[in-house]
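[1] just coords:
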């Protein structure tokens, strides 16, 4: 119940208003009025205060004189003497970067072949494939909350990574075994009587649990290695962290589809097409890569390289108690006629034993308000690994290009673009005294994502109106257009660029705004938005059918564009005021 209460506090806004509170004494009322005369729109919205923008601006230059607070110093928002501004990372950070490369290679290498494996080997239809993939995605990102809670409350990040890495390894071993011909009774034609289906379903449970626990801790552990750094250094850390993610994804996505096509006997999948049955090799490579990652991580641990913040005990219980204390203090002030409005309802826990916890809890809640916008972004992002693979099956492609391998383009574009942005684009902008804040970068990614999915919708329209596509369906075979698969390249590139702004920006924002005691929890809250997108995907999966994919893609693109507009209007008051002036 405490856990559910904490989630409710995070994703709902408690009503801070009171119906006609008793009038304060005259002196207090005058003080309140004087303070009110100095308030503006930013003071009424906690997410537009100076302190909040200091956490989000990505540079040390504030539009106003920076207010030096304890929180600012702890988060590295104000440059300190002797801080690590040179950009030279300690060895522990490089160890963790290599570990993340191995983990992402194993994750993307395994999951990229989920769709063809479910379709061609297990015989599941598109709706079932979408439901299973979204359920796996929900579990993988939903379990980030478990990982963050375990690390911040009980074990610390290093031990938590060992625990959840074990879970991922079990999942990868089960995947490998479930695809082995020895575990099937009639390989590769009948998966019902062997280990294929139970092995696959068990594997995605363990793999999802391990993935969530790793994701909520590995990025924060890496950032913890960079002590006393400026926000620009942390920005670079998260960009290169994301670069390692995509380098691993690039190799995994490129290698595993080729392995199952080249190893093992061929299986007829209809309309004269065949598919390789060597999925055991496609799952075996990620398994070996993950074992290598665990070995590298253990080497750094044995050398005593890792720096981590110790766990703080029962985190959710303390947050719950601080919230209850604040609510009681507020009600008591109203009853005694001493009510004075405060910036946040948790400020009523000030000057109590819960003051420190309440401040951390308040920072967590403020950060999570930005995360509201991400589920629809991830819903569009997940299309690259699900329905776009199905769309690739409808396009004309060479025999050496598996439908699922085009995902490698997105990772390749990020591998190229991240160094360009890190070494040229952002430094050039700084030289012209412009350093876009996180609250500026994030919506740019939303806009590019909506543009990418809208392109996919237009391409789907041309596919369904293609004469070769219509004739192939009329002949009773699998539908296939004569549109080259290379027309599917732009959405992967555009969405890859959007990730530099929204995905990397979200990671950086979650780490920067989070208090030290709740870094893994806040990071897990950010990653949890992907789980929410999977729930949305599961809800709409019955409507995702080949005949209405144009409407589905246009709906996704249009909704993400609406998210972009809403984000800009909320977090950029100057733009909102200009629009209001135009209508007035």
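    Okay, I see it. This one's a predicted model, so the numbers in the text were calculated from it and none came from an experiment. Numbering: from 1, shown residues only.

[2] and residue 361, what element?
    Assigned by DSSP states H and E, residue 361 belongs to helix 355-371.

[3] for the next helix or strand after that helix, name the packing helices and strands.
    Later in the chain than helix 355-371, the nearest helix or strand by DSSP H and E is helix 374-382. In terms of contacts (3 or more CB pairs under 8 Å, 6 or more residues apart in numbering; DSSP states H and E), helix 374-382 is packed against helix 126-142, helix 438-464, helix 489-501, helix 519-540, helix 549-571. No exception for glycine: its C-beta is placed from N, CA and C like everyone else's.

[4] which elements pack onto the helix holding residue 361?
    Counting by 3+ CB pairs under 8 Å, 6+ apart, helix 355-371 packs on helix 2-11, helix 315-336, helix 503-513, helix 519-540.

[5] among these, show the one with the smallest mean pLDDT.
    Among the helices and strands packed on helix 355-371, helix 2-11 carries the lowest mean pLDDT, a mean of 41.

[6] returning to what we had before: reformat the helices and strands packed on helix 374-382 into TSV and put distance to residue 479 and mean neighbour count next to each item.
    Output for these, formatted as TSV (distance: least, CB to CB, whole Å; neighbours: other CB atoms under 10 Å):
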stretch	distance to residue 479	mean neighbour count
helix 126-142	12	21
helix 438-464	9	22
helix 489-501	21	22
helix 519-540	22	23
helix 549-571	12	19
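
[7] which of those helices sits closest to residue 189?
    Among these, helix 126-142 comes nearest to residue 189, with 18.6 Å by CB to CB.

[8] closest one to residue 180 among the helices and strands packed on helix 355-371?
    helix 519-540 (28.7 Å).

[9] low-confidence ranges in the protein?
    Applying pLDDT under 70 to the chain flags residues 1-87, 268-276, 313-316, 473-478, 583-584.

[10] if we can go back for a sec, now tabulate the helices and strands packed on helix 355-371 in CSV and tack on distance to residue 114.
    As requested, the helices and strands packed on helix 355-371 are exported to CSV (distance: least, CB to CB, whole Å):
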stretch, distance to residue 114
helix 2-11, 29
helix 315-336, 33
helix 503-513, 21
helix 519-540, 14
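
[11] which other residues reach the helix or strand containing residue 146?
    Assigned by DSSP H and E, residue 146 belongs to helix 144-150. For helix 144-150, the external contacting residues (CB atoms under 8 Å, 6 or more residues apart in numbering) are 160, 163-164, 209, 212-217, 315-316, 520-525, 527-528, 531.

[12] one more: stretch 182-194?
    Outside stretch 182-194, the residues that reach it (CB under 8 Å, 6+ apart) are 121-123, 177, 181, 195-197, 199, 264-265, 267, 277.

[13] so of these, which ones are in strands?
    residue 267 (DSSP state E).

[14] hang on, the earlier thing: of the helices and strands packed on helix 355-371, which approaches residue 290 most closely?
    That would be helix 519-540 among these, by CB to CB, at 19.2 Å.

[15] now the closest one, how far from the chain's geometric center?
    Mean-position distance between helix 519-540 and its chain equals 7 Å (CA atoms, centre = their mean, to the nearest Å).

[16] what's the angle between it and helix 126-142?
    170 degrees (axes from the mean of the first three to the mean of the last three CA atoms, to 10 degrees).

[17] give the other helices and strands that helix 519-540 contacts.
    helix 126-142, helix 144-150, helix 196-224, helix 355-371, helix 374-382, helix 503-513.

[18] contact partners for residue 404?
    Counting by CB under 8 Å, 6+ apart, residue 404 has contacts 112, 113, 115, 116, 253, 257, 389, 392.

[19] so it belongs to a helix, correct?
    Yes: counting by DSSP: H, G, I helix; E, B strand; the rest coil, residue 404 is part of a helix.

[20] and it, how far from residue 110?
    12 Å (CB to CB, to the nearest Å).

[21] ditto for residue 463
    Distance, residue 463 to residue 110, by CB to CB: 29 Å.

[22] now swap in residue 97 and tell me
    According to CB to CB, residue 97 and residue 110 sit 21 Å apart.

[23] who's more crowded, these two?
    residue 110 (29 against 20; other CB atoms under 10 Å).

[24] SS state for the residue lying closest to the more buried one once chain neighbours are set aside?
    Leaving aside its sequence neighbours, residue 110 sits nearest to residue 286 (CB to CB, 6 or more residues apart in numbering; 4.3 Å). Following three-state DSSP, we place residue 286 in the helix state.

[25] go on, the one 10 residues further on?
    With three-state DSSP as the basis, the three-state label of residue 296 is helix.

[26] what about residue 484, how many residues nearby?
    There are 12 residues near residue 484, going by other CB under 10 Å.

[27] so what pairs up with it in the strands?
    residue 396 (DSSP bridges).

[28] roughly how far does it sit from residue 401?
    Counting by CB to CB - residue 484 and residue 401 are separated by 10 Å.

[29] so what's residue 498 up against?
    Under the criterion of CB under 8 Å, 6+ apart, the neighbours of residue 498 are 444, 445, 446, 447, 448, 449, 452.

[30] what about 10 Å?
    377, 380-381, 444-452, 560 (CB atoms under 10 Å, 6 or more residues apart in numbering).

[31] so how far is residue 238 from the closest residue to it other than its chain neighbours?
    Counting by CB to CB, 6+ apart, residue 498 lies nearest to residue 448, which is 3.5 Å off, once chain neighbours are set aside. According to CB to CB, residue 448 stands 18 Å off from residue 238.

[32] quick one on the thing from earlier: now distance to residue 581 too, for the helices and strands packed on helix 519-540, in a markdown table please.
    Compiled in a markdown table, the helices and strands packed on helix 519-540 are given as follows (distance: least, CB to CB, whole Å):
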| stretch | distance to residue 581 |
| --- | --- |
| helix 126-142 | 41 |
| helix 144-150 | 42 |
| helix 196-224 | 41 |
| helix 355-371 | 26 |
| helix 374-382 | 29 |
| helix 503-513 | 29 |
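
[33] out of those, which gets nearest to residue 299?
    helix 196-224 (15.3 Å).

[34] picking that back up, top of the contacts of residue 404 by number of neighbours, please.
    residue 113 (29 neighbours).

[35] can I assume residue 90 is in contact with residue 228?
    No: applying CB atoms under 10 Å, one finds residue 90 not in contact with residue 228, separated by 11.9 Å.

[36] measure the nearest residue to residue 152 once chain neighbours are set aside to residue 427 for me?
    In space, and not counting its chain neighbours, residue 152 is closest to residue 520: 4.8 Å by CB to CB, 6+ apart. Distance of residue 520 to residue 427, given as CB to CB: 31 Å.

[37] what's in contact with stretch 260-267?
    So stretch 260-267 is contacted by 113, 116-117, 120-121, 179, 181, 187-189, 273-284, 399-400, 402, 404-405 (CB under 10 Å, 6+ apart).

[38] name only those of those that count as buried.
    113, 116-117, 120-121, 179, 187-188, 275-284, 402, 404-405 (16 or more other CB atoms under 10 Å).

[39] now residue 582: how far from residue 576?
    11 Å.

[40] between the two, which one's more packed in?
    Just comparing residue 582 and residue 576: by other CB under 10 Å the higher neighbour count belongs to residue 576, 14 against 7.
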